[in-house]
Every structure is written in structure tokens, then in C-alpha cells.
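[1] this is a predicted model, with the sequence first.
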Amino acid sequence: MIAPAVVELAVLTSIAMACALLGRSRASHYRAQKEIERRAGLPFGPEPRHEQPPRPTPPNALSAAERDRVLGVLTEPRFADKAVAQTWAVLLDEGTYLCSMSTMHRILRTHDLAGERRRQATHPPRKKPELLATRPGQVWSWDITKLRGPTRGVYYDLYVVIDIYSRYIVAWTIAAREDSEIAKTMLEHAMGMHGIPDAVHADRGTSMTSKPVAQLLLDLGVDRSHSRPHVSNDNPYSEAAFKTAESIGERNGPVTLRSHSTRERSDGRDPHARAEAVGVPSPCSRLAPRGHLTRDRLQRADGGPDGPGRAVHHGR
């Protein structure tokens, strides 16, 4: 390298002569030598970070008393929920100049008061809906889901009402659209067949919170319960039933309103006797002990053309 040659030649002549003879800039030589001397005194490892010296206090800085006065003005009731720019402008209109807006921000930041100063709307936490059913027909849960139709882009709306104690589907219908009047009619048929429940739970869909449905439940003295916003598991019974229905639909193909208009029993057997024969209570057997219900009425509600379980075709 040329740097050692400059050092050796400078011993015999001078640094200026050695740089001139070897064609090296004296500034570059001095800078390289200073870096070598600096690194020679450092331990092995990364270079330590240079600490910035404390910033000197400017001569026009506010005193402690003046800063306390500015802080007191900024925290007054009339300025407590106003931005710094608003406070500074109002004081200036009143003929008072305390300091600049930047100084106000620094004072607030020093006391951990920086940030949003305007009054914010506070919402209490949503209470998790809890409904306890100790007997059939006490609490119902209902929801609406989409079913794939026979052609691409065609979907039908499946309305289902479930008794959460027995898991019995007290009413269902399929329609070509979601409408609050359809939901109201379905609930009216279900309550006429199975009685009026104590409470009905649903999510916050447009049909569930619509005025026709809400007025019906209010007139009948039924307590309304809704899921929390953006919480999908507050209505687990309806969601689980829809998952089963959708998985069956994937195996059996798309649905049509004609094929689901009625659910007739061709073999004449009791659809609920199979579970009862092995000692497993079916939803129908859980619901049957209610005194005003008979098995014929339950079967009619489950699949007969006169019950609320029939699918009705509603135009778009």
C-alpha cells in the first residue's frame, strides 16, 4: 500500500515532500493516519456509540414557573378537551400569548398528557348473552343461511328456528330472498304450533332486528336476545345446525324449491322411533312431554304440509 511508503519516506524528508513524490494527497494521508491512531486505542469489537452531549438550554426558554402556568392553562376546564391549536388560537384572540404551539406540545409530552385531547365517545363493553333453558320450549334460537341452488349464482335462504333445550327444529322454511315478513310469518306459525317461548335469540341480521319481528315478540311478551357485534359464536346452536345442513347439501347436491316444498314420509314409520329404540332421546322425544303437544302434531310440524316446517316459495 502507498500509506506505509509515505511514512517511511517522510522519515528521510518530510510528509509534504513524501506525498508530493509518491503522488498522495496530504489530506488523505492525515485522515488515514488519524483513523489508524483512533482504532489502535479501541478494544476488539464494534465501535462504541457516541453519546450525544446534552442540548444546551436556549436563552429564551421558559422558566419552571412559566411552564407551570402554561400547563395550568392547557388543563383548564374550557381547554381540557380542545386541541393545542384551538387553545393557542383562542388565547391569541383574547390577547394572550404564552408560548408557541410546539412548546405547548413539549410541555404536554413531558407530563404524559400528549395525544387526543378531544372528548371521546366511550362505549361500555358488550355483555355476553347468556340464556338458560331448563325445559323444552323455553328458549328458541333462529338464524338464516344460504343454500346453493341448481344453477350457478342462484342461492336460497334457509330460515331455521331451534329449541335449544331439545335441539328440535320447531320451524323452518326456504325462500328465494331474505325478508322480515317471511321471518315474522314463520315465527307466528311456530308459536301457534309449539307455544310461545320465554326468549328468542338471534344474531344482528336485518331480519332479526327488523321492526315486524321485534313488534311480534314485543306484543307476545317474548324477551329478545341478540349476539354481540362481530362475534360469530354467540349463536352456536343455529350455526352448528347450518354446518350439518351444508355438509349434507354438499353430498346430495344443490337444493330446489320444488324438491323441498314438502317432506312426506313414504314408509309410514315414525321418524323418531329409531333413536328411542336404542335409548337415545331424540329432539322429538325431548319436546313431546309437553302436555299440549301430541305426536301427530309434532309429525305435522316436522314434515306435514300444514305445519310451519313446509318450504314456501316467495318470489324475488
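    That came through, no problem. Remember, predicted model here, so these are calculated numbers, not experimental data. Numbers count the residues shown, from 1 in each chain.

[2] hey, let's count contacts and neighbours off CA atoms from now on
    OK.

[3] where's Leu108 relative to Ser63, distance?
    When distances are taken as Cα to Cα, to the nearest Å, Leu108 and Ser63 turn out to be 15 Å apart.

[4] the more surrounded of those two?
    For the pair Leu108 and Ser63, the greater number of neighbours falls to Leu108 (19 against 9), based on other Cα atoms under 10 Å.

[5] so which bits of the host helix or strand of that one are buried?
    In this assignment (DSSP states H and E), Leu108 forms part of helix 101-110. When burial is assessed from 16 or more other Cα atoms under 10 Å, helix 101-110 yields the following buried residues: 104-105, 107-108.

[6] CA atoms only for it - export them in PDB, please.
    What follows is helix 101-110 as a C-alpha-only set of coordinates in PDB (Å, rounded to 0.1, in the frame of the first residue of the first chain):
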ATOM      1  CA  MET A 101     -47.700  25.600  19.900                       C
ATOM      2  CA  SER A 102     -44.600  23.500  19.700                       C
ATOM      3  CA  THR A 103     -43.700  24.500  23.300                       C
ATOM      4  CA  MET A 104     -47.200  23.600  24.400                       C
ATOM      5  CA  HIS A 105     -46.800  20.200  22.800                       C
ATOM      6  CA  ARG A 106     -43.500  19.700  24.500                       C
ATOM      7  CA  ILE A 107     -44.900  20.600  27.900                       C
ATOM      8  CA  LEU A 108     -47.800  18.200  27.500                       C
ATOM      9  CA  ARG A 109     -45.500  15.500  26.300                       C
ATOM     10  CA  THR A 110     -43.300  16.000  29.400                       C
END
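
[7] what packs against it?
    helix 64-74, helix 84-93 (3 or more Cα pairs under 8 Å, 6 or more residues apart in numbering; DSSP states H and E).

[8] pLDDT on that helix, on average?
    In this model, helix 101-110 carries a mean pLDDT of 93.

[9] relative to helix 84-93, how tilted is it?
    Helix 101-110 and helix 84-93 meet at an angle of 130 degrees, taking axes from the mean of the first three to the mean of the last three Cα atoms, to 10 degrees as the criterion.

[10] residues near Arg39, how many?
    With neighbours defined by other Cα under 10 Å, the count for Arg39 comes to 12.

[11] hmm, who's touching whichever helix or strand it is part of?
    Per DSSP H and E: Arg39 is located in helix 26-40. The list of residues contacting helix 26-40 from outside it, by Cα atoms under 8 Å, 6 or more residues apart in numbering, reads 3, 15-16, 19.
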